[in-house]
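A.B. asks: coordinates for the following, if possible.
(chains A and B)
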Number of protein chains: 2
Amino acid sequence: MFIFLFLLVLEAKDGTIAVASAFPAHQEEIQDKDHKFIEEAIEEAYKGVECKDGYPFGAVIVRNDEVVVSCHNMVWINTDPTAHAEVTAIREASKKLNKVDLSDCEIYASCEPCPMCFGAIHLSRLKRVVYGAKAEAAVAIGFDPFIADALRGGTGLHQKACMEIKKVEGSGAEQVFQKTKHMFTLY
Amino acid sequence: MFIFLFLLVLEAKDGTIAVASAFPAHQEEIQDKDHKFIEEAIEEAYKGVECKDGYPFGAVIVRNDEVVVSCHNMVWINTDPTAHAEVTAIREASKKLNKVDLSDCEIYASCEPCPMCFGAIHLSRLKRVVYGAKAEAAVAIGFDPFIADALRGGTGLHQKACMEIKKVEGSGAEQVFQKTKHMFTLY
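C.D. replies: The predicted model follows:
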């Protein structure tokens, strides 16, 4: 049996990449899936500050459309500047799946990953990165502008790496920062 | 009492930065110190493969000329693709010193840090990065060329970040890879 798979790869001016299927039903299914998991990542972001574990960032790792781990920033609770949501999720998923190569998994991040996290995503070979808020939403409330360096003319990692990068629109991820900024202090 | 401190900041073509004091004795002292701690990082790199914890990379974090932690790559033993020597050292030093801001510390890495590790160094605010081997020495035996992206036209992190970056010459760090390559398999 032959299956013709027609993919439309779109690269926006800001460097984000979207892949659209030629089959509308399939495309809708992906959109629904992406919205569902991005919402879970956003919930984690809120949870992270509510329980005072860290900053408002969440990440979910998915395999075969099922959640492997759902994590948030743990910088304060772990006294660990590397415990961003994405790094924490990669560490936990690797442990859970008992492998360092996560090429059969996707990561959903409530916010555009910073260069450290993009590096970790590259090293763990995640095949797809879907994010909610643009880094600017975090930078606007005082986070280090370095967050934006991975995608925007920074590492160029996203161009070299064999991964699909997609921004989900209309997820409410941008609002997380304004809604939680009174709940934490930046270091 | 007035003390005139005269510093000569040198930037090499490859982007590495060296700071030379006008006082030869002080400069020698820094050189000796740098050689001592880079040697410890190299020892860790060998230890990492000998005990099968991970790949041949070591990192030492120093505060007030004293070792805070001495770590090696733990990717295999921890089943963690983010457990590079530098990330492991930052995590352990933060825990030991009970703070996420390591701006009073320096990091010594047996090899040029990769973009993920440079991101972690930036986030933990380490004031100084001293490394032994150029990334090419690791790439030559099969490591991901992405290692070299942080310093060479990659993130530009080293240009923006408030840290001194220095390469130690003649440390024997380049040989680590050729000498250990039969002891591990790349994933």
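A.B. asks: going by C-alpha atoms from here, please, whenever you check contacts or count neighbours.
C.D. replies: OK.
A.B. asks: could you report the neighbour count for residue A:164?
C.D. replies: 18 (other CA atoms under 10 Å in any protein chain shown).
A.B. asks: please disregard the earlier target; I meant residue A:144.
C.D. replies: Look at residue A:144: counted by other CA under 10 Å, it has 15 neighbours.
A.B. asks: who are the neighbours in contact with it?
C.D. replies: Contact analysis of residue A:144 by CA atoms under 8 Å, 6 or more residues apart in numbering or on different chains lists nothing.
A.B. asks: now it: how far from residue B:103?
C.D. replies: In this view, residue A:144 and residue B:103 are 16 Å apart by CA to CA, to the nearest Å.
A.B. asks: what of residue A:176?
C.D. replies: The spacing between residue A:176 and residue B:103, counted by CA to CA, is 29 Å.
A.B. asks: could you check which of these two is surrounded by more residues?
C.D. replies: Set side by side, residue A:176 and residue B:103 show more neighbours around residue A:176, with 20 against 17, by other CA under 10 Å.
A.B. asks: hmm, that one is touching residue A:46, no?
C.D. replies: Yes. Between residue A:176 and residue A:46 there is a contact at 7.1 Å, judged by CA atoms under 8 Å.
A.B. asks: what residues do these two have in common as contacts?
C.D. replies: Counting by CA under 8 Å, 6+ apart, the contacts common to residue A:176 and residue A:46 are residue A:56.
A.B. asks: quick one, helices of chain A?
C.D. replies: For chain A, applying DSSP state H gives helices covering A:24-50, A:85-97, A:115-124, A:135-139, A:157-160, A:175-180.
A.B. asks: mean pLDDT lowest where, among the ones you listed?
C.D. replies: If those are sorted by mean pLDDT, helix A:157-160 sits at the bottom with a mean of 60.
A.B. asks: export the helices of chain A to CSV and tack on distance to chain B?
C.D. replies: Formatted as CSV, the helices of chain A follow (distance: least, CA to the nearest CA, whole Å):
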stretch, distance to chain B
helix A:24-50, 17
helix A:85-97, 5
helix A:115-124, 4
helix A:135-139, 14
helix A:157-160, 8
helix A:175-180, 19
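A.B. asks: between these, which one is closest to residue B:109.
C.D. replies: helix A:115-124 (16.8 Å; CA to CA).
A.B. asks: by contact count, what packs against that closest one?
C.D. replies: When contacts are defined as 3 or more CA pairs under 8 Å, 6 or more residues apart in numbering or on different chains; DSSP states H and E, helix A:115-124 sits against helix A:85-97, helix A:157-160, helix B:115-124.
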